[in-house]
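Peer 1: Would you be able to build a 3D model of this:
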Amino acid sequence: MDSLSSSYKTIWKLAWPQVLMMLFHFLIGFVDVWVAGRLGRDVQACMGIITQALFFFLVVAIALANGSVAAISQSFGAGLMRRVQRYIGLGLELGVILGMVFLVVGMLFRDTFLDLLQIPDEIMPIAAYLLKVYLYVLPGYYLLIICNAFFRAQRKVMIPLFAMMIVTVVNTFGDFAFGLGMWGFPAFGYKGLAWSTFASVLCGMFFCLTILHRQGLLKRKSFAPWRWVKRAFPYLFKVAWPAGLMQVVWHSAYMVLFAITAALPVGSVIALAGMSAGISVESLLFLPGFAFNFTASILVGNYLGKGDIAGAKRMGYLVMLFGLGLVSTLTLILWLFIEPVAVFIAPDPEVSLEAINYLKYNMAAIPFLLVSMILGGSLTGAGATFYQMIVMGSSAWLVRIPLAWYLGHIYMQEATGIWLAMFISMVVQAMLMLYFYQFKDWTRFAQRKTRRIVQPNGTMNKLTAGK
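Peer 2: Numbering: from 1, shown residues only. The predicted model follows:
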């Protein structure tokens, strides 16, 4: 078994590029919301709502990425590079098909979707335009997300970092140049923000596809014959469908939360804008949590590919402790500067006060969020997305949504009740995730091949299954 110090070195070697990658991811959303705030509170409110809506349309891409991470990280750990290459080819084929499907479906039901969000009439035209452009970029976004998962699963974490740097630079330039009209460029307002996102995602996608080709992972032989696909696809689907359903359940819960906020009897637009601004600041903390989520899925998948069950479970806890210590410290530091940060991102005084109110509850929930995120990443690496779906779905729909409605509309009758419900649901979610990780047999979801398995008690036994 690796020593504790070498384990932490391995974790940090994989985590720091992904922490930086998520920092650039944060900068994308931060710049979007900051520029939107300069264009008006209506644009800022719409940017928050439609950004969340975009994530809803990306849930299948994220699910496919989770399935790819589980399959490829385990295959990589087992030394089965031909299988790695073929899973990459299969993932690309599915990404193109599904991206086009959701583009068409999204355009057909765009008006219905906007009506479900309960967006106030005065900001509906802005929201409709943003959603239309974001739907156009879905196929490119699908490939970008999936390609980054391919690289992470093989521990090539620098490539997703470079890809996100490219996306950030292009998006930031477009926001300032075509959103605000700086440096002599025409100012298109919120339309400029939308098309900047479109251009930046395509640039990141083309970079990833180019690297895949240069590394020999995107060749004709990457696209396996049908007989292999019939054997490999069931495992990918077994991992992906609970991950996809979890994303649908989670993001639909967020959409309902936005709708509950939009339907507040008093100050709904200010609450929405404050929530959008608060989320952009909060993401500075939970996006690094995603980096440790990714790291846990990589390492746990690799250990299971080698057949080391005890090492896989231990590594999940080590990544959790490492990420919890680092990100919780960052949370405390950020809280010391929360007022100037909120004013910077939301210059409207009423919006900045509501953003601080939102952050008071959600920053306190960060440690609980990290526990569920990082251990959830471990379950993803094992292919146990079914358990992750149960935890995330139940905490969102059985705790957060009914509590947000009761506290926000009945008991407190203000946005503070919704923010309090978010905190309580995070505590419940962390407790559930700890229970499932410690007491459920989640390693049984991993792929198997003929090998010797290291059991937690140190004994060895042989397990046979298809390659």
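
Peer 1: Ramachandran angles for Gln118?
Peer 2: Dihedral angles of Gln118 (phi, psi; degrees, to the nearest 10) stand at phi 60, psi 40.

Peer 1: Quick check: Cys208 touching Ala163?
Peer 2: Yes. In terms of C-beta atoms under 8 Å, Cys208 counts as a neighbour of Ala163; the distance is 5.3 Å. The C-beta positions use only the backbone N, C-alpha and C, and glycine is treated the same way.

Peer 1: overlap in contacts of these two?
Peer 2: Shared contacts of Cys208 and Ala163, defined by C-beta atoms under 8 Å, 6 or more residues apart in numbering, comprise Leu144, Cys147, Asn148.

Peer 1: from those residues, which would you call buried?
Peer 2: Leu144, Cys147, Asn148 (16 or more other C-beta atoms under 10 Å).

Peer 1: secondary structure class for the first one?
Peer 2: To tie it back to what came earlier, the one meant is Leu144. helix (DSSP: H, G, I helix; E, B strand; the rest coil).

Peer 1: Excluding sequence neighbours, find me the nearest residue to it.
Peer 2: Among residues not flanking Leu144 along the chain, Met205 sits closest, at 4.4 Å (C-beta to C-beta, 6 or more residues apart in numbering).

Peer 1: Enumerate every residue touching that neighbour.
Peer 2: Counting by C-beta under 8 Å, 6+ apart, Met205 has contacts Gly140, Tyr141, Leu143, Leu144, Cys147.

Peer 1: for the first one, what are its contacts?
Peer 2: Applying C-beta under 8 Å, 6+ apart to Gly140 gives the contacts Gly99, Val201, Leu202, Met205.

Peer 1: from those, which is closest to Arg227?
Peer 2: Gly99 (26.0 Å; C-beta to C-beta).

Peer 1: circling back: so for the residue nearest to Leu144, what pLDDT did the model give?
Peer 2: The model reports Met205 with a pLDDT of 94.

Peer 1: gap between it and Ala199?
Peer 2: 11 Å (C-beta to C-beta, to the nearest Å).

Peer 1: Now tabulate the shared contacts of Cys208 and Ala163 in TSV and tack on distance to Ser297.
Peer 2: Output for the shared contacts of Cys208 and Ala163, formatted as TSV (distance: C-beta to C-beta, whole Å):
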residue	distance to Ser297
Leu144	18
Cys147	16
Asn148	13
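
Peer 1: on that earlier part again, got JSON lines for the contacts of Met205, with pLDDT too?
Peer 2: Listed next are the contacts of Met205 as JSON lines, based on pLDDT from 0 to 100:
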{"residue": "Gly140", "pLDDT": "91"}
{"residue": "Tyr141", "pLDDT": "92"}
{"residue": "Leu143", "pLDDT": "93"}
{"residue": "Leu144", "pLDDT": "94"}
{"residue": "Cys147", "pLDDT": "92"}
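
Peer 1: What is the nearest of those to Ser394?
Peer 2: Taking C-beta to C-beta as the measure, Ser394 sits nearest to Tyr141 out of the contacts of Met205, at 28.5 Å.

Peer 1: Which residue is the nearest non-sequential neighbour of the closest one?
Peer 2: Val201 (5.2 Å).

Peer 1: moving C-terminal of the helix or strand harbouring the one you found, what's the next helix or strand?
Peer 2: Here Val201 sits within helix 190-214, counting by DSSP states H and E. Downstream of helix 190-214, the next assigned helix or strand under DSSP H and E is helix 226-262.

Peer 1: buried residues in that following helix?
Peer 2: Those would be 228-229, 232-233, 235-236, 238-262, for helix 226-262 by 16+ other C-beta under 10 Å.

Peer 1: and if you look at stretch 329-347?
Peer 2: Buried, per 16+ other C-beta under 10 Å, within stretch 329-347: Thr331, Leu334, Trp335, Ile338, Val341, Ala342, Val343, Ile345, Ala346.

Peer 1: Kindly provide the whole-number mean pLDDT of the helix ranked longest in the chain.
Peer 2: Ranked by number of residues, the top helix in the chain under DSSP state H is helix 268-306. Taken as a whole, helix 268-306 has an average pLDDT of 83.

Peer 1: Please apply the same query to stretch 27-38.
Peer 2: 81.

Peer 1: Which positions within that stretch qualify as buried?
Peer 2: Buried-residue list, stretch 27-38, by 16+ other C-beta under 10 Å: Leu27, Ile28, Gly29, Phe30, Val31, Asp32, Val33, Trp34, Val35, Ala36, Gly37.

Peer 1: got TSV for the residues you listed, with distance to Ala61 and secondary structure too?
Peer 2: Formatted as TSV, these follow (distance: C-beta to C-beta, whole Å; DSSP: H, G, I helix; E, B strand; the rest coil):
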residue	distance to Ala61	secondary structure
Leu27	21	helix
Ile28	17	helix
Gly29	18	helix
Phe30	22	helix
Val31	23	helix
Asp32	20	helix
Val33	23	helix
Trp34	26	helix
Val35	26	helix
Ala36	24	helix
Gly37	29	helix
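
Peer 1: now the helices for the stretch 51-200 of the chain?
Peer 2: Assigned by DSSP state H, counting those that start in this stretch, the stretch 51-200 of the chain shows helices spanning 59-77, 81-108, 110-116, 124-136, 138-153, 158-174, 190-214.

Peer 1: Find the residue at the geometric middle of the chain.
Peer 2: What sits nearest the mean C-alpha location of the chain, by C-alpha atoms, centre = their mean, is Phe290, with 6.8 Å.

Peer 1: Contact partners for that residue?
Peer 2: Applying C-beta under 8 Å, 6+ apart, the residues near Phe290 are Gln18, Met22, Met373.

Peer 1: Give me the nearest residue to Leu135, chain neighbours excluded.
Peer 2: Closest to Leu135 by C-beta to C-beta, 6+ apart is Gly106, at 4.3 Å.

Peer 1: OK, contacts around that neighbour?
Peer 2: Gly106 neighbours (C-beta under 8 Å, 6+ apart): Phe57, Phe113, Leu131, Leu135, Leu138.

Peer 1: now swap in Phe292 and tell me
Peer 2: Ala15, Gln18, Val319, Met320, Phe322, Gly323, Val327, Leu370, Met373, Ile374, Gly377.
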